[in-house]
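Asks: next comes the sequence, and after it the predicted model I'd like to discuss.
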Amino acid sequence: MSDPIDAIEALLEEARPLPHPAERERLRTAAGLTRTRVAGAIGVTPETVRKWETGATDPSGEHRAAYGRLLDGLAVRYP
């Protein structure tokens, strides 16, 4: 049986808005990270990260949760 608290946390993570696509790219470049490094950490291709940063697509599921955590951390360091 799944823990209801974990299920709620997952739902909240999915519902959290991500920064505007241009801000996603700004945060990544401010940190000196390449799309390849970000993609490798999240488990997607660099092309997928490019699409997220241009607004062509948005991440979903576990990828969204991981990308959102990264962006939150970068936003604290590079306001």
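Replies: On my side now, so go ahead. Not measured: the values here are computed from a predicted model.
Asks: list the helices and strands the longest helix along the chain packs on?
Replies: Determined from DSSP state H, the single longest helix within the chain is helix 61-77. Applying 3 or more C-beta pairs under 8 Å, 6 or more residues apart in numbering; DSSP states H and E, one finds that helix 61-77 contacts helix 4-15, helix 21-30, helix 35-42. No exception for glycine: its C-beta is placed from N, CA and C like everyone else's.
Asks: residues in contact with stretch 61-68: which ones?
Replies: 10, 13-14, 16, 18, 38, 41-44, 52, 58-59 (C-beta atoms under 8 Å, 6 or more residues apart in numbering).
Asks: how close does the residue most central in space within the chain get to residue 44?
Replies: The residue lying closest to the centre of the chain (C-alpha atoms, centre = their mean) is residue 67, at 1.7 Å. Counting by C-beta to C-beta, to the nearest Å, the separation of residue 67 from residue 44 is 9 Å.
Asks: mutual contacts of the two, please.
Replies: residue 59.
Asks: in the longest helix of the chain, what counts as buried?
Replies: By neighbour count with 16 or more other C-beta atoms under 10 Å, helix 61-77 contains the buried residues 63-68, 70-71, 74.
Asks: show me what the helix or strand bottoming out on mean pLDDT in the chain is packed up against.
Replies: Here the helix or strand of the chain ranked lowest by mean pLDDT, DSSP states H and E is helix 4-15, holding a mean of 80. Helices and strands touching helix 4-15, by 3+ C-beta pairs under 8 Å, 6+ apart, are helix 61-77.
Asks: report the buried residues of stretch 12-26.
Replies: Applying 16+ other C-beta under 10 Å to stretch 12-26 flags 21, 24-26 as buried.
Asks: ok, the nearest residue to residue 77 once chain neighbours are set aside - contacts?
Replies: Distance criterion C-beta to C-beta, 6 or more residues apart in numbering; nearest residue to residue 77, sequence neighbours excluded, is residue 31 at 6.9 Å. For residue 31, the contact set (C-beta under 8 Å, 6+ apart) comprises 74, 77-78.
Asks: how close does residue 31 sit to residue 37?
Replies: Residue 31 is 10 Å from residue 37, by C-beta to C-beta.
Asks: likewise for residue 27?
Replies: 13 Å.
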